[in-house]
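Asker: next one to model:
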Amino acid sequence: IRDYFYRKIKLVENVAIQADPELCRYILLGVTEGFSYTYLKTRMNIPCCKDTYYDRFRKFFWLLDRIKD
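Answerer: Next up, the predicted model:
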């Protein structure tokens, strides 16, 4: 069962990298922790505008949906 969850975690991480290698850390925080763009900008100094972040955020889910296993 541990291997099952490990593969799922790696899948999510790899999809975030595919969505945007530079923003993958922030995408993961948004997806897994529910952090908003405002939080990421004010507390973590995300290096992009809101439109870019949410474009990559949506791309993450689009890619994940295409991969379904």
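Asker: leaving out chain neighbours, which residue sits closest to Cys24?
Answerer: Ala16 (4.1 Å; CB to CB, 6 or more residues apart in numbering). In short, each C-beta sits where N, CA and C put it, glycine included.
Asker: contacting residues for the spatially most central residue of the chain?
Answerer: The residue lying closest to the centre of the chain (CA atoms, centre = their mean) is Ile27, at 2.7 Å. Taking CB atoms under 8 Å, 6 or more residues apart in numbering, we find Ile27 in contact with Ala16, Ala19, Asp20, Tyr53, Arg56, Phe57, Phe60.
Asker: can you name the two of the residues you listed that are farthest apart?
Answerer: Ala16 and Tyr53 (12.4 Å; CB to CB).
Asker: so which residues of this protein form helices?
Answerer: For the chain, applying DSSP state H gives helices covering 2-19, 24-33, 37-44, 50-67.
Asker: buried residues, the last one. List them.
Answerer: Using 16 or more other CB atoms under 10 Å as the test for burial, helix 50-67 gives Tyr53, Arg56, Phe57, Lys59, Phe60, Leu64.
Asker: check which helices and strands that helix sits against.
Answerer: helix 2-19, helix 24-33, helix 37-44 (3 or more CB pairs under 8 Å, 6 or more residues apart in numbering; DSSP states H and E).
Asker: let's go with 6 Å and repeat that
Answerer: Helix 50-67 makes packing contacts with helix 2-19, helix 24-33 when contacts are defined by 3 or more CB pairs under 6 Å, 6 or more residues apart in numbering; DSSP states H and E.
Asker: perfect, that will be all.
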